Each structure stands twice: as C-alpha cells, then as structure tokens.
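Trainee: here is the input, now give the coordinates:
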Amino acid sequence: MQTNHPMSQRSRGFTLIELLVVIAIIAVLIALLLPAVQQAREAARRSQCKNNLKQIGLALQNYHDNSQAFPISLYGGYGDTANVGGWQQTSRSWGWPVRILPYVDQAPLFKTASPGTKTIAASGVMGQVVPAFLCPSDPQGSFENQNNSYITGNTKCAVTNYKGVMGSDWNWGVYTNNVVAPGDSFTDNDGLLYTLDYRSFKRMNTIKDGTSMTLAVGETICNQNFAQDGTGPGNNWMNAASTCATTAVPLNRFHNASTSASTPWDQRWSFGSGHAGGAHFAMADGAVRFLSNNISTATYRSLSTLKGREPIGEF
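Mentor: Numbers count the residues shown, from 1 in each chain. As a prediction, the model looks like this:
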C-alpha cells in the first residue's frame, strides 16, 4: 500500500521570481487600463459639460419667450468702491446668468438676489454655487481667488465656466501675433449677451446671421492664475464684467496658465476649456456645438456677431 509522504501534500509557494512576474503582469494591465478609465471619465465630464450648456441654451430661449429679449450683461464697471462683503454696484451691473436663474432650477436664489432692487454686495449670493454653471473638467473648483482686490472680508465668490459672447471686437490689449488691431473696441455691441447701452436689447429678430450660426455662450477656464490675479472681476457668475468673453482672442489661446500675454485682460476675457481639442458653445438656437482649436480666426469671430452677414465656412 502506497503511503503519501507528509511533505508531498504541502502546497508549493511562489518563488520570488514568479511573484515578480505576477506583479509585472498586473502593472502592465493597470497601465493599459488606466488611460481607458481616464478617457471614460473625461467623456462623462464632457457629456456633463455639454448638458450644462444645453440647459443654459434652453434657459436663454425660455427667458426670451417670457421677456421678449435675451438677458444681457450691461457693463457698468466693476471698480466701484469695495466694502466688507463685496462690490457696491448698481443692479444694472448684474450679469446675464443671474437673469436665467429661475430657468436653471434656481428660482429661490434669484429671489434672494433680487437683482432689480439690490446691489451684488447686499444680495448675499456671492458664495452660492450653481451646479449648472460649472464644468467638471475644470480642476479649479467652485470658488475664485479670495484675494481679489474688489472683494473684502475674505468673501468667497462662486465661479462660472460659461461666459456670454460679447462679440468679435477688442480694446483691452492685444497679445503677440494677434490679428486684431489695437484700435478695435467693445463699443460695437455685436455679440448676443453684452451691451454698453442699457437701452440696447437683443432679440431673435436682431440675429440676422441666423440663430444656428451665432454663438451665445461658451466655455472658459477658471484655473488660470491670470484670471485670479486679484486685479479684476475674475470668473464669478454675478458681475457683468466677469460673465462675458470675446472671440477676438483665438480659442484656447491661454489654456495653459503659464502662458504669458501683453495684458491679463485678453486672457481673462477669452474662451477656452479643460477638454482636449476645443470647447463647447451654446448657439443662439439652443443647440450645443464643439468648436475645434483649429477653427480659423475669421470664422470664429464671424460666428460671434449677430448681423455681420459674413460668409461662414465649415466649423
């Protein structure tokens, strides 16, 4: 009768070499899977960003239906005397995002703000985060720099990643190799959500270039040091001066926060995103388009005007 030796029944363990091989295989698998996981996460963030702009575009349509005009950011200056709690501004300096709050499930916040009767400082809404105004691909977070020279008392200001299109003109500074002449200015008011004249309203019939060919709102990046340098309005969603941008600066020209420019103004009032290859824009008809960084400057600027009647190519 055959008898098994006790040693023959003992399981043989891994040798050091075998263990290292297994670890190496696992590491390779992780390295192969990680990019796919990251891509899936970015795809989800990109989809959420697109949905945010879709919601904003629909809110603009609903606002127009009820008010017979689009909401605008009336530039009244942001350099008013600061006090504890924030800016001292007239109600006309509220940005267009405030006007659409009831249409993005923020009716109580709109009521608290009371933009027709209260200043931004007195409203107490500067620290209120609006989820529909945030792109998940921007790592900055929900608040801008607390050291802004126009904010006192360490008041936090909630940001927006979506700015209204003020048009194609420019006056605050020209970056190197910019095709825009230094003499250009904002005074043409050729964008949909910005004006220098409180009597100037933008309506559907104002858009002569076609609503599907006119930009309304685009992405901006809040994690740029130049947008948080403490010398201007930054990216908060309340103030008229911080809720619009221009197409005079090429798309994503200042995606990298370390990129220098002739002034911080052309960096602050330009469009860009945390997505690879371009940025999302809501059109005047409510549709959302993804514009490539390679879009021609002429086409990009033409899309931001209401009645330029410029020929627009593929985009």
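
Trainee: and the helix or strand encompassing Ala24, what other elements does it pack with?
Mentor: Ala24 is located in helix 16-67, with elements delineated by DSSP states H and E. Contact here means 3 or more C-beta pairs under 8 Å, 6 or more residues apart in numbering; DSSP states H and E; on that basis helix 16-67 packs against strand 162-167, strand 215-219, strand 278-283, strand 288-292. No exception for glycine: its C-beta is placed from N, CA and C like everyone else's.

Trainee: average pLDDT for it?
Mentor: The pLDDT scores in helix 16-67 average 89.

Trainee: now stretch 128-143
Mentor: pLDDT averaged over stretch 128-143 gives 85.

Trainee: hmm, back to that, using TSV, lay out the helices and strands packed on helix 16-67 together with distance to Arg41.
Mentor: Shown next, in TSV, are the helices and strands packed on helix 16-67 (distance: least, C-beta to C-beta, whole Å):
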stretch	distance to Arg41
strand 162-167	21
strand 215-219	18
strand 278-283	17
strand 288-292	18
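
Trainee: of the ones you listed, which is nearest Thr246?
Mentor: strand 162-167 (5.3 Å; C-beta to C-beta).

Trainee: ok, residues contacting the closest one?
Mentor: With contact meaning C-beta atoms under 8 Å, 6 or more residues apart in numbering, strand 162-167 is reached by 52-53, 56, 72-73, 95-97, 133, 135, 186, 188-194, 215-220, 235, 243-247, 269, 271, 281-282, 304-305.

Trainee: buried sites along it?
Mentor: Tyr162, Lys163, Gly164, Val165, Met166, Gly167 (16 or more other C-beta atoms under 10 Å).

Trainee: beta-bridge partners for the third one, please?
Mentor: Counting by DSSP bridges, Gly164 is bridged to Val217, Cys244.

Trainee: show the model's pLDDT score for it.
Mentor: Reading off the model, Gly164 has pLDDT 94.

Trainee: now the terminal residues of stretch 99-115, how far apart.
Mentor: Start and end residues of stretch 99-115 are separated by 8 Å (C-alpha to C-alpha, to the nearest Å).

Trainee: name the residues of that stretch that are buried.
Mentor: Arg99, Ile100, Leu101, Pro102, Tyr103, Val104, Gln106, Leu109, Phe110, Ala113, Pro115.

Trainee: which ones are touching the third one?
Mentor: If you count contacts by C-beta under 8 Å, 6+ apart, Leu101 has them with Ala107, Leu109, Phe110, Ala113, Val130.

Trainee: would you check those and say which has the weakest pLDDT?
Mentor: Scanning the contacts of Leu101 for pLDDT, the smallest score is found at Ala113, 85.

Trainee: relative to Gly95, how far out is it?
Mentor: From Ala113 across to Gly95, the span is 11 Å (C-beta to C-beta, to the nearest Å).

Trainee: okay, strands next: where are they in the stretch 51-200 of the chain?
Mentor: Under the criterion DSSP state E, counting those that start in this stretch, the stretch 51-200 of the chain contains strands at 73-74, 82-83, 86-87, 162-167, 194-195.

Trainee: returning to what we had before: among the contacts of strand 162-167, which ones are buried?
Mentor: Among the contacts of strand 162-167, those classed as buried by 16+ other C-beta under 10 Å are 52-53, 56, 72-73, 95-97, 133, 135, 186, 189-194, 215-220, 235, 243-247, 269, 271, 281-282, 304-305.

Trainee: re the thing from before, distance to Asn293 added to the buried residues of strand 162-167, as CSV?
Mentor: Shown next, in CSV, are these (distance: C-beta to C-beta, whole Å):
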residue, distance to Asn293
Tyr162, 18
Lys163, 17
Gly164, 21
Val165, 17
Met166, 20
Gly167, 20
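
Trainee: ok, which stretches of the stretch 201-315 of the chain are helices?
Mentor: 265-268, 297-302 (DSSP state H, counting those that start in this stretch).

Trainee: got those as CSV, with mean pLDDT columns?
Mentor: As requested, these are exported to CSV (pLDDT from 0 to 100):
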stretch, mean pLDDT
helix 265-268, 64
helix 297-302, 87
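
Trainee: Ala36 is nearest to which of those?
Mentor: Ala36 sits nearest to helix 297-302 of all these, at 32.5 Å, using C-beta to C-beta.

Trainee: on that earlier part again, tell me which of the helices of the stretch 201-315 of the chain sits most buried.
Mentor: Burial of these is given as mean neighbour count (mean count of other C-beta atoms under 10 Å); helix 265-268 ranks first at a mean of 24.

Trainee: what is in contact with Ala113 and Gly95 at once?
Mentor: The overlap between the contact sets of Ala113 and Gly95 (C-beta under 8 Å, 6+ apart) consists of Met238.

Trainee: Ser73 and Trp237 touch, don't they?
Mentor: No - judged on C-beta atoms under 8 Å, Ser73 makes no contact with Trp237 at a distance of 10.7 Å.

Trainee: overlap in contacts, these two.
Mentor: Common contacts of Ser73 and Trp237 (C-beta under 8 Å, 6+ apart): Gly95, Thr243.
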